[in-house]
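[1] next input, structure requested:
(2 chains)
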2 protein chains.
Amino acid sequence: MNDILISEVGPRDGLQSIASIMPLEAKKAWIAAQAAAGVTEIEVGSFVPAKLLPQLADTADVVAFARSIPNLTVAVLVPNLKGAEAAVAAGAHKLTLPLSVSETHSLKNVRRTHAQMLDETRAIVALLRSLPAERRPKFEGGLSTAFGCTLEGHVSPDKVVALGVALMEAGCDEVGLSDTTGYANPQQVKDLVRRVRSACGAHALSGLHLHNTRGLGLANVMAGLEVGITTFDSSLGGLGGCPFAPGASGNIVTEDLVFMLEAMGLRTGIDLPKLLAVRDILKAALPREELYGFTPEAGLPLGFVPATAH
Amino acid sequence: MNDILISEVGPRDGLQSIASIMPLEAKKAWIAAQAAAGVTEIEVGSFVPAKLLPQLADTADVVAFARSIPNLTVAVLVPNLKGAEAAVAAGAHKLTLPLSVSETHSLKNVRRTHAQMLDETRAIVALLRSLPAERRPKFEGGLSTAFGCTLEGHVSPDKVVALGVALMEAGCDEVGLSDTTGYANPQQVKDLVRRVRSACGAHALSGLHLHNTRGLGLANVMAGLEVGITTFDSSLGGLGGCPFAPGASGNIVTEDLVFMLEAMGLRTGIDLPKLLAVRDILKAALPREELYGFTPEAGLPLGFVPATAH
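    Next comes the predicted model:
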């Protein structure tokens, strides 16, 4: 039994924000190696038009491959009903629809108002409910720019809460909070998690998607842990960010996150030396991209015993 | 009134670990600019033999200059009684004697056993108590390698507590905990702070010296805040580390730390734009050294209002 679920988002959030296109075979090798290291959920791609994100054009093939790995939850991002139909056809286990709390960012990112995105949400829910229960993927509404926006600046927590409630009323299984722009601070994380849970129910919010843009990523994870968050998104090598939020880059680094949690005595189920070795696949497949992370540079402490080994 | 005291250690911990030697005039400009940005405590140097650390050979001159800045606590590191005598002669306001909890590290770092370091502590206390009260500097025992050692590996919390008690009994005004090697994790920070305070008294421990070697620096600050720590050491641009602990580098970055605290609503008294501008002095004076920090790269969030401005 693990204490914390690490949801690897590198194959989606990482790859969508870099210029290089990773070949399908390298994606498969990455996902297989990371699952073999003990990662049980991977966001493997996004069902968006190939002309918008050619890096993720092979998402259906990636999903088909990832489904063949035992005990792996295969997650994808979908921007709309069309994407959800493709995700269902491919057999994804979990769909996330991003809804940007900053409407300016929403219009720039997916050219949709909040009302249009909530219509889309209801249409996706109708599609999913038409499926037999055993084939029905889990559906999450991802509240992006929840902690601030590079275009609007301050984002009102009231708006985050209202949209969280609206997503749950529209039929989402749960909501997540995304610090798309790297604006979040630990106090804000605690406050917002408490407020959304209070309005939507404690089980409606289990996950945080945090960035390390201003170096506060793991401090924000600590804040999330303090208020009971048990799922964290992260990206191997810190690959990626949001290409539509200028200046916003840097997912939290899976390697550093797993090291912190395991050192704290929280089991992730992930084998750290195996996880660190997965970087070699990224380095070989993306020779021109920069990888991040402190633990990979410094190495594990002498005599380190991870929680998962107990 | 500030909520948190930031103790800038770059002119000592930063400069001692790099090959370049910063000219005295640049040190003065750095210290003056950082004080003008609102930093109220700066560790300006170390009274060690010049042949060991030529980078800090001008510490007496730096202290003399720093004392001329109003409302600035001028701190220095002293490895022994001889260093303390020089520090007193120069007029430092605060002395820190590092005592490495890993005796292997202590022998390698200052060639002294624990017993010898405690003798040295008592000799320094006798010197300080012979001074008139108004000229008597504050004296801190710094428990280094408190969270683990690159030479010994695990460091027993019992040993940290015992040495903390011994330093207070020897006459220190307070003790500090140093993560010299970047081994600390947030759970360990909370546990160790609680244990040391329980054994030495809550007022005996107010400060943490954390490194960011494995990316956990600010998460460890968060842990410290949770258990009531109000003083944090940090280094502008993340300059420095411990040259005697192989693989251990990277003080936490003052700019990122101040951003986090101010964003959380905790007043540091520091003007962030002015602080960020101090980096230019370092870049000009140390063109070959790498500076770190995420907030300086990403910039402040749009519409950001720091706590100190309220």
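
[2] now do the strands in the stretch 101-250 of chain A.
    Taking DSSP state E, counting those that start in this stretch as the criterion, the stretch 101-250 of chain A carries its strands at A:138-144, A:174-178, A:205-209, A:231-234.

[3] these: lowest mean pLDDT?
    Per-stretch mean pLDDT for the strands of the stretch 101-250 of chain A is lowest at strand A:205-209 (a mean of 94).

[4] and stretch A:154-161, which residues are buried?
    A:155, A:157, A:159-161 (16 or more other Cβ atoms under 10 Å in any protein chain shown). Every residue, glycine included, has its C-beta placed from N, CA and C.

[5] could you dump those into TSV and include pLDDT and distance to residue A:300?
    Below are the buried residues of stretch A:154-161 laid out as TSV (pLDDT from 0 to 100; distance: Cβ to Cβ, whole Å):
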residue	pLDDT	distance to residue A:300
A:155	97	38
A:157	98	38
A:159	98	42
A:160	98	37
A:161	98	40
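
[6] around chain B, pick out the residues from the stretch 201-310 of chain A.
    Applying Cβ under 8 Å from any Cβ of the partner chain, we find that the stretch 201-310 of chain A lies next to chain B at A:212-216, A:218-219, A:221-223, A:226, A:247-250, A:253, A:256, A:259-260, A:263-265, A:293-295, A:298-299, A:301-303.

[7] closest residue of the stretch 51-200 of chain A to chain B?
    Using Cβ to the nearest Cβ, the closest approach of the stretch 51-200 of chain A to chain B is made by residue A:153 at 3.2 Å.

[8] helices of chain A, start to end?
    For chain A, the helices defined by DSSP state H occupy A:15-16, A:24-36, A:59-67, A:81-90, A:103-110, A:114-129, A:157-170, A:186-200, A:217-226, A:254-263, A:272-285, A:295-298.

[9] output those helices as CSV; include the columns distance to residue B:112.
    As requested, these are exported to CSV (distance: least, Cβ to Cβ, whole Å):
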stretch, distance to residue B:112
helix A:15-16, 53
helix A:24-36, 47
helix A:59-67, 57
helix A:81-90, 64
helix A:103-110, 58
helix A:114-129, 65
helix A:157-170, 54
helix A:186-200, 39
helix A:217-226, 35
helix A:254-263, 30
helix A:272-285, 35
helix A:295-298, 27
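
[10] ranking these by mean pLDDT, which is last?
    Minimum mean pLDDT among the helices of chain A: helix A:295-298, a mean of 88.

[11] from the contact counts, what lies against it?
    Secondary-structure packing of helix A:295-298 (3 or more Cβ pairs under 8 Å, 6 or more residues apart in numbering or on different chains; DSSP states H and E): helix A:254-263, helix A:272-285.

[12] of all those helices, which one comes closest to residue B:10?
    Smallest distance to residue B:10 across these (Cβ to Cβ): 23.5 Å, for helix A:254-263.

[13] okay, angle between that closest one and helix B:186-200 too, please.
    Between helix A:254-263 and helix B:186-200, the angle comes out at 40 degrees (axes from the mean of the first three to the mean of the last three Cα atoms, to 10 degrees).

[14] picking that back up, are any of the residues of the stretch 201-310 of chain A next to chain B buried, and which?
    Among those, those scoring as buried are A:212-216, A:218-219, A:221-223, A:226, A:248-250, A:253, A:256, A:259-260, A:263-264, A:293-295, A:298, A:301 (criterion: 16+ other Cβ under 10 Å).

[15] residue A:122 contacts residue A:169, correct?
    No - using Cβ atoms under 8 Å as the test, residue A:122 is too far from residue A:169 to be in contact (9.3 Å).

[16] comparing the helices and strands packed on helix A:295-298, which comes out most buried?
    helix A:254-263 (a mean of 28; mean count of other Cβ atoms under 10 Å in any protein chain shown).

[17] name the helices or strands packed onto that helix?
    Applying 3+ Cβ pairs under 8 Å, 6+ apart, one finds that helix A:254-263 contacts strand A:5-8, helix A:217-226, strand A:231-234, helix A:272-285, helix A:295-298, helix B:186-200.

[18] would you reformat the ones you listed as a markdown table and include distance to residue A:201?
    Formatted as a markdown table, the helices and strands packed on helix A:254-263 follow (distance: least, Cβ to Cβ, whole Å):
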| stretch | distance to residue A:201 |
| --- | --- |
| strand A:5-8 | 19 |
| helix A:217-226 | 17 |
| strand A:231-234 | 16 |
| helix A:272-285 | 33 |
| helix A:295-298 | 35 |
| helix B:186-200 | 28 |
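
[19] wait, which of these is closest to residue B:173?
    Smallest distance to residue B:173 across the helices and strands packed on helix A:254-263 (Cβ to Cβ): 11.4 Å, for helix B:186-200.

[20] and the angle from the closest one to strand B:174-178?
    Angle, helix B:186-200 to strand B:174-178, by the same axes, to 10 degrees: 160 degrees.

[21] buried residues in stretch A:23-33?
    For stretch A:23-33, the buried set under the neighbour-count rule, 16+ other Cβ under 10 Å, comprises A:27-33.
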